[in-house]
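Visitor: The sequence and its predicted three-dimensional model are supplied below.
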Amino acid sequence: MLSQGAPARWTAPDGRWTEPDLHLFPQDGHRYEIVDGSLHVTPPADDRHAAVVASLVEVLRAAAPEGWWVCDRSGIDTGSSNLVPDVTVLRPRSAGRIWANPADVALVVEVESEETRRFDRLLKPAVYAAAGIPGFWRVEPGPVLRTFLLDGDDYRAVDSIEGADHVRLDAPYPIRVKPSGWI
């Protein structure tokens with residue numbers, strides 16, 4: 001029996017990690033994700049990261065046509081992986097599941113930090129592309145917005161946007177962005 005205030009104890013699964021295993025973890029600010037059956041844990045985001053995510057959600061929601069959903073920290077189930085992007089844009093009439101089907105996702109956005117740089121640049125885009133998600137944005141410190149569109153089995157770089165001027169983008173829907181306003 002655990003005493004009051006003692007950390008919860010758990011054991012790792014005998015085989016691959018799966019989505020139900022994610023429910024073992026506390027809501028402590030860490031991001032728990034599964035990539036091809038392996039657990040990946042990211043430390044809690046800092047205030048700058050949270051501010052950029054909140055700004056992105058606000059900008060994407062303001063431009064979203066009726067029926068589109070813009071969510072922060074909403075999970076995507078690709079079958080072998082369960083990822084939680086910083087921002088997810090869901091198409092109208094998406095299934096409304098706790099873990100979104102990639103077919104319902106129009107865009108994922110990752111806000112890069114020192115702790116997530118390689119994961120956000122290499123692994124997560126590869127998993128999103130393999131799942132067929134058509135749009136990927138990465139926000140790098142600065143901030144700089146890099147946009148990518150699915151081209152075959154991989155993402156193709158489309159735009160690199162920074163500065164104080166508004167720039168029009170057409171995907172996932174027409175929107176004007178100004179990365180310098182996100183910090």
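Guide: Alright, I've got the coordinates. Residues are numbered from 1 along each chain as shown.
Visitor: Only C-alpha atoms from now on, for both contacts and neighbour counts.
Guide: OK.
Visitor: and the residue nearest to Gly75 when sequence neighbours are not counted, how many neighbours?
Guide: Leaving aside its chain neighbours, Gly75 sits nearest to Val84 (4.3 Å; criterion: Cα to Cα, 6 or more residues apart in numbering). Neighbours of Val84 under the rule other Cα atoms under 10 Å: 23.
Visitor: now the one 5 residues further on
Guide: Applying other Cα under 10 Å, we find 23 other residues in the vicinity of Val89.
Visitor: Could you pull out the buried residues of whichever strand or helix holds it?
Guide: Taking DSSP states H and E as the criterion, Val89 maps to strand 87-90. For strand 87-90, burial by neighbour count (16 or more other Cα atoms under 10 Å) applies to 87-90.
Visitor: what's the answer for stretch 109-120, then?
Guide: Those would be 109-113, 116, 119-120, for stretch 109-120 by 16+ other Cα under 10 Å.
Visitor: and that stretch, how far apart are its ends?
Guide: End-to-end distance of stretch 109-120 (Cα to Cα, to the nearest Å): 9 Å.
Visitor: Over to stretch 157-173?
Guide: 17 Å.
Visitor: and that stretch, which residues are buried?
Guide: Neighbour-count burial for stretch 157-173 [16+ other Cα under 10 Å]: 161-162, 172.
Visitor: what's next to it, contact-wise?
Guide: 63-65, 106-107, 135, 142-149, 174-181 (Cα atoms under 8 Å, 6 or more residues apart in numbering).
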